[in-house]
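K.L.:
Quick one: sequence and predicted model below, then my questions.
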Amino acid sequence: MHSSLSSMTSKKLCNCVAVPLIRRHVSATHQAATANATARSFLVRFIEERRKRSQQDDIRLEPYLSKGVYTESGAIRPMPKRYPLGIVKVLLIAIPFLYIGSLVSKYAALGLEKMDLFVYSDDDDDDDDDD
């Protein structure tokens, strides 16, 4: 009697606790594997599409890479691409950043001089006046 009661309790315990835990673990493992597989397949697809697109770009640029006005067949090449207001765009970017860079270096030099890490000395100019 005692052994049958013990076996029923262990079966109940197994069905109520162990089986759901195992199912949950198997399901989580399967979901993780599926998620990894989808991420991997997405990355593989993305890389292949990028490679194809870059190869297409290379094919389109091929006639422009060789020098000269004429192609190998003797045809005149199309006009090069023009950028509207190109020099204005360059100046609108270059001038403010050059100014900001000069301000940063000026204040950095002042800070170094204030901390006595870098002190500008005029010793060379004073030697010329003594002669």
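P.N.:
That came in fine, so what should we check first?

K.L.:
CA only for contacts and neighbour counts going forward, please
P.N.:
Will do.

K.L.:
Could you pull out the helices in the chain for me?
P.N.:
Applying DSSP state H to the chain gives helices spanning 2-13, 19-65, 86-114, 123-130.

K.L.:
Quickly list the domain ranges of the chain.
P.N.:
For the chain, automatic domain parsing gives the domain ranges 1-81, 82-131.

K.L.:
State the mean pLDDT of the shortest one.
P.N.:
Which is domain 82-131. Per-residue pLDDT over domain 82-131 has a mean of 84.

K.L.:
Please save the CA atoms from stretch 90-104 in PDB.
P.N.:
Provided in PDB are the C-alpha atoms of stretch 90-104 (Å, rounded to 0.1, in the frame of the first residue of the first chain):
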ATOM      1  CA  VAL A  90      31.600  73.300 -49.200                       C
ATOM      2  CA  LEU A  91      32.100  76.800 -47.900                       C
ATOM      3  CA  LEU A  92      29.000  76.600 -45.700                       C
ATOM      4  CA  ILE A  93      30.500  73.600 -44.000                       C
ATOM      5  CA  ALA A  94      34.200  74.500 -44.000                       C
ATOM      6  CA  ILE A  95      34.100  78.000 -42.700                       C
ATOM      7  CA  PRO A  96      32.100  77.400 -39.500                       C
ATOM      8  CA  PHE A  97      34.100  74.300 -38.600                       C
ATOM      9  CA  LEU A  98      37.400  76.000 -39.200                       C
ATOM     10  CA  TYR A  99      36.200  78.800 -36.900                       C
ATOM     11  CA  ILE A 100      35.000  76.400 -34.200                       C
ATOM     12  CA  GLY A 101      38.300  74.500 -34.400                       C
ATOM     13  CA  SER A 102      40.300  77.700 -34.000                       C
ATOM     14  CA  LEU A 103      38.200  78.700 -31.000                       C
ATOM     15  CA  VAL A 104      38.700  75.300 -29.400                       C
END
